[in-house]
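Engineer: Give the three-dimensional model of this entry:
(2 chains)
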Amino acid sequence: KQEVTQIPAALSVPEGENLVLNCSFTDSAIYNLQWFRQDPGKGLTSLLLIQSSQREQTSGRLNASLDKSSGRSTLYIAASQPGDSATYLCAVMGGAQKLVFGQGTRLTINP
Amino acid sequence: DAGVIQSPRHEVTEMGQEVTLRCKPISGHDYLFWYRQTMMRGLELLIYFNNNVPIDDSGMPEDRFSAKMPNASFSTLKIQPSEPRDSAVYFCASSSRPDEKLFFGSGTQLSVL
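Structural biologist: The predicted structure is shown next:
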């Protein structure tokens, strides 16, 4: 059974810093990995999708990498801003066409 | 497109009552997913449909839960009878293909007293 772990559960950094969020998964047989953002009381917004054949994806100040063999992904946020404060979740899709989510990292950017 | 639309946003009911949650997926999306989110268990997939047909309902916790998709633009998740442990945020999500981005609705916050 696929398990997805995100460490740390919470992270607080000053504005302007570059930061990395981590995601690990136990079964490397995945089709893709997605990073989501969730604001309090809201639904999830997909930020980046990395297919299993890809190593990374970039969108603006966000860069996500995927290392299937080691079962790891990172989300890099450059020049963080208070508006980046949210919970970030990663999710992997396996053969059953189902996304398995991590518990998320709650990120706070302090002005 | 307005995105995935869920109703109601909030539902407060008493134990034993029937609860019906509604979802309108993004037009043209052939896949629809129902998730439940709690602090203890995180996001759990309950059931998903492809072209209105239920494909995998292994995440439905009990027979008290049922889901239907009578057409491509509407789905319901029903709990009958409801119990306090069903209290959670229920999300509907849709995608055009399972290997493409998943779009979530704003969720229904369910409280069963």
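
Engineer: Excluding sequence neighbours, find me the nearest residue to A:Gln97.
Structural biologist: In space, A:Gln97 comes closest to B:Pro98 once its chain neighbours are excluded; the distance is 4.1 Å by Cβ to Cβ, 6 or more residues apart in numbering or on different chains. Bear in mind the C-beta positions are built from the backbone N, C-alpha and C, glycine included.

Engineer: In this structure the one you found contacts B:Tyr31, no?
Structural biologist: Yes. Between B:Pro98 and B:Tyr31 there is a contact under Cβ atoms under 8 Å: 5.8 Å.

Engineer: Any idea what A:Glu56 is bridged to?
Structural biologist: Beta-bridge partners for A:Glu56, by DSSP bridges, are A:Ser65.

Engineer: right, and it touches A:Asn63 too?
Structural biologist: Yes. A contact is recorded between A:Glu56 and A:Asn63 when judged using Cβ under 8 Å, the distance being 6.2 Å.

Engineer: thinking again about what came up before, now the residue nearest to A:Gln97, what's its secondary structure?
Structural biologist: State at B:Pro98, reduced to three classes by DSSP: H, G, I helix; E, B strand; the rest coil: coil.

Engineer: That one - how many residues pack around it?
Structural biologist: Each residue near B:Pro98 was counted by other Cβ atoms under 10 Å in any protein chain shown, and the total is 19.

Engineer: quick one, what contacts it?
Structural biologist: Contacts were defined as Cβ atoms under 8 Å, 6 or more residues apart in numbering or on different chains; by that measure B:Pro98 touches A:31, A:93, A:97, B:31.

Engineer: three-state assignment of the residue positioned nearest the centre of chain B?
Structural biologist: A centroid search over chain B (Cα atoms, centre = their mean) returns B:Trp34, at 3.4 Å, as the residue closest to the centre. Three-state secondary structure (criterion: three-state DSSP) places B:Trp34 in strand.

Engineer: For the residue nearest to it when sequence neighbours are not counted, which residues are in contact?
Structural biologist: Distances taken as Cβ to Cβ, 6+ apart put B:Leu46 closest to B:Trp34, at 4.4 Å, once the chain neighbours are dropped. Under the criterion of Cβ under 8 Å, 6+ apart, the contact list for B:Leu46 reads B:34-36, B:57, B:59-61, B:65, B:67, B:77.

Engineer: Looking at B:Asp1 now. What's its pLDDT?
Structural biologist: Residue-level confidence at B:Asp1 comes out at 65, pLDDT.

Engineer: where are the low-confidence patches of the chain?
Structural biologist: Since you didn't name a chain, this refers to chain A. With pLDDT under 70 as the threshold, chain A has no low-confidence stretch at all.

Engineer: Correction: the question concerned chain B.
Structural biologist: Low-confidence segments of chain B, defined by pLDDT under 70, are located at B:1.

Engineer: residues in it within reach of chain A, list them.
Structural biologist: With the criterion set to Cβ under 8 Å from any Cβ of the partner chain, chain B comes near chain A through B:4, B:33, B:42-43, B:45, B:48, B:55-56, B:91, B:93, B:98-107.

Engineer: Mind doing that once more with 6 Å?
Structural biologist: For chain B, the residues in contact with chain A under the definition Cβ under 6 Å from any Cβ of the partner chain are B:42-43, B:45, B:91, B:98-99, B:101-102, B:104-107.

Engineer: Just these: which are in strands?
Structural biologist: Judged by DSSP state E, the subset of the residues of chain B next to chain A located in strands is B:42-43, B:45, B:91, B:104.

Engineer: Mind putting those into TSV with neighbour count?
Structural biologist: What follows is these, written out as TSV (neighbours: other Cβ atoms under 10 Å in any protein chain shown):
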residue	neighbour count
B:Gly42	17
B:Leu43	23
B:Leu45	22
B:Phe91	25
B:Phe104	22
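
Engineer: Having no further points to raise, I will conclude here.
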